[in-house]
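Visitor: sequence and predicted model, in that order:
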Amino acid sequence: MASAAEFTAVPGWGGVAMGITAIAAAVAAHRQSSPRTWLTVWLIEAFVAVAIAGATAATKAHRANAALFSGPGRKFLLSFTPPIIVGGVLTLALFHFGAFALLPAVWLLLYGTAIVTGGAFSVRVVPVMGLCLMALGGITLVAPANWGDGFMAAGFGVLQIGFGLWIAKHHGG
């Protein structure tokens, strides 16, 4: 029965916090003069976001008296992880070949994919957020390269905040 349930430990307030840090990272990254320092800013942000997500999901699961890594939580994580790993591999390859301008689109597309696939085991609004991120990533592919940080602020920041507020209000924080 537990494995058939939804994963409800998706952290709404954690999403808001991740969105705020992503907007700050977008501002900081946009000010960098080299691709290496730009990437460093975004990698630091990724680790900050993972820390926020992990801590707030664990807190929400604990408050609900639910196990974070069993049943739907485990399915969420197993479905979420492969697109994230692909994003890491593609980041290394694109950076190596100097294709920095593609990174924002790739990150938005694959994070959106991770949210859609993981969200299949969560509340309905989660995969909708993933689809919005994927759409934004698709637009980013054809937009001018210097708009990348703006698109990432919109996706990882504004969308994350908006959906985080929705989840917090409708699904218990």
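Guide: It's in.
Visitor: so what secondary structure elements neighbour the helix or strand harbouring Pro104?
Guide: Assessed by DSSP states H and E, Pro104 sits inside helix 103-119. Judged by 3 or more CB pairs under 8 Å, 6 or more residues apart in numbering; DSSP states H and E, helix 103-119 is in contact with helix 35-63, helix 72-96, helix 125-142, helix 148-152. Where C-beta positions appear, they are placed from N, C-alpha and C, glycine not excepted.
Visitor: could you export those helices as CSV, including mean pLDDT, mean neighbour count and distance to Leu159?
Guide: Shown next, in CSV, are these (pLDDT from 0 to 100; neighbours: other CB atoms under 10 Å; distance: least, CB to CB, whole Å):
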stretch, mean pLDDT, mean neighbour count, distance to Leu159
helix 35-63, 93, 16, 13
helix 72-96, 93, 16, 17
helix 125-142, 96, 19, 6
helix 148-152, 98, 21, 10
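Visitor: nearest to Ile20, of those?
Guide: Closest approach to Ile20 among the helices and strands packed on helix 103-119 is made by helix 35-63 (9.5 Å; CB to CB).
Visitor: chain center to stretch 137-147: distance?
Guide: Distance of stretch 137-147 from the chain centroid (CA atoms, centre = their mean, to the nearest Å) equals 18 Å.
Visitor: tell me how many other residues surround the residue lying closest to Leu133 once chain neighbours are set aside.
Guide: Taking CB to CB, 6 or more residues apart in numbering, and ignoring the residues beside it in sequence, Leu133 has Gly112 as its nearest neighbour in space, at 3.1 Å. Neighbours of Gly112 under the rule other CB atoms under 10 Å: 25.
Visitor: Gly137 is in contact with Gly112, correct?
Guide: Yes. At 5.8 Å, Gly112 counts as touching Gly137 under the criterion of CB atoms under 8 Å.
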